[in-house]
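Chemist: sequence? don't have it. structure:
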């Protein structure tokens, strides 16, 4: 009976350790080194809706190029990539800081983020 309990404890510890290592690997994969792409928009008038929409399209394309493709089509990889794309777009829109671009972002995403609300008050 004692041997059986010791074996169960050792087995449970080994399984827990393996799960912990795999979770740490997944967390590292979710936060890769930050890549950057410069999106040029000097040719656009981002203060009007058409220019802001064109810039948003460029930002969206760049975000898809920056965020890693995990090489699989499983749900967790798709969720990680979409979260990366969403964050990259939100960060770029906030960095540009143009009201018309915030409006395009909010229209495409359904609801404003706190950063967008704070920046659009000016």
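Modeler: Nice, I can see it. Note that this is a predicted model, so its numbers are computed, not measured.
Chemist: all contacts plus neighbour counts: C-alpha atoms, from now on.
Modeler: Fine.
Chemist: let me see the domain layout of this protein.
Modeler: 1-31, 35-120 (automatic domain parsing).
Chemist: for residue 80, pull up the helix or strand it's in.
Modeler: helix 75-96 (DSSP states H and E).
Chemist: now the helices: where do they sit in this protein?
Modeler: 2-30, 49-66, 75-96, 99-109, 114-120 (DSSP state H).
Chemist: for the third one, buried residues please.
Modeler: The one in question is helix 75-96. 77, 80-82, 84-86, 88-90, 92-94 (16 or more other C-alpha atoms under 10 Å).
Chemist: now do the fourth one
Modeler: Along helix 99-109, the positions that meet the burial threshold by neighbour count (16+ other C-alpha under 10 Å) are 99, 100, 101, 102, 103, 104, 105, 106.
Chemist: and of these, the nearest to residue 53?
Modeler: residue 104 (6.2 Å; C-alpha to C-alpha).
Chemist: please verify my assumption that that closest one contacts residue 57.
Modeler: No. Counting by C-alpha atoms under 8 Å, residue 104 stays clear of residue 57, with 9.9 Å between them.
Chemist: returning to that earlier point: between the buried residues of helix 99-109, which sits nearest residue 63?
Modeler: Residue 63 lies nearest to residue 105 out of the buried residues of helix 99-109, by C-alpha to C-alpha, at 13.6 Å.
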